[in-house]
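K.L.:
sequence below, structure please.
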Amino acid sequence: MKTIRQQLIEILSEREMTAIDLSGDVGIGEKEVYEHLPHIALSVASQGKKLVIEPSRCLKCGYVFEERKRFTKPGRCPQCRETHIQRPTFRVCS
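P.N.:
Next up is the predicted model:
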């Protein structure tokens with residue numbers, strides 16, 4: 001039986017996914033996925049791999065949250081102040 005983090009790493013090694021997609025695949029809440037992601041980043045780094053984050057993007061003005069360090073989706077866009085924001089996606093690469 002694999003741990004939740006091992007399951008998440010295995011899924012992210014196969015394809016790029018959002019936290020909400022991961023929560024459905026593993027059977028945990030989206031917030032719990034966000035709690036696991038920093039630990040996954042450390043675990044895969046020790047294996048010579050990297051957790052790659054495709055940053056959130058404002059769906060109205062196109063602003064990309066490239067400098068954001070948090071794994072969660074931002075609340076609103078700093079340029080246009082809209083809340084319609086694409087979720088970040090994650091994957092594990094070697």
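K.L.:
ok, then the element right after the longest helix seen in the chain?
P.N.:
When the chain is scanned for its longest helix (criterion: DSSP state H), the result is helix 30-46. On the C-terminal side of helix 30-46, the closest following helix or strand by DSSP states H and E is strand 50-54.
K.L.:
strands paired with that following strand, and their directions?
P.N.:
Pairing partners of strand 50-54, with direction, according to DSSP bridges: strand 89-93 (antiparallel).
K.L.:
quick one, the partner strand and helix 30-46 angle?
P.N.:
Angle between the axes of strand 89-93 and helix 30-46 is 20 degrees (criterion: axes from the mean of the first three to the mean of the last three CA atoms, to 10 degrees).
K.L.:
would you mark the buried spots in strand 89-93?
P.N.:
Buried residues in strand 89-93, defined by neighbour count with 16 or more other CB atoms under 10 Å: 89, 90, 91, 92. For glycine as for every other residue, the C-beta is placed from the backbone atoms N, C-alpha and C.
K.L.:
give the burial count for the closest residue to the first one other than its chain neighbours, as a bare number.
P.N.:
Spelled out, it's residue 89. Leaving aside its chain neighbours, residue 89 sits nearest to residue 54 (4.3 Å; criterion: CB to CB, 6 or more residues apart in numbering). Residues lying near residue 54 (other CB atoms under 10 Å) number 14.
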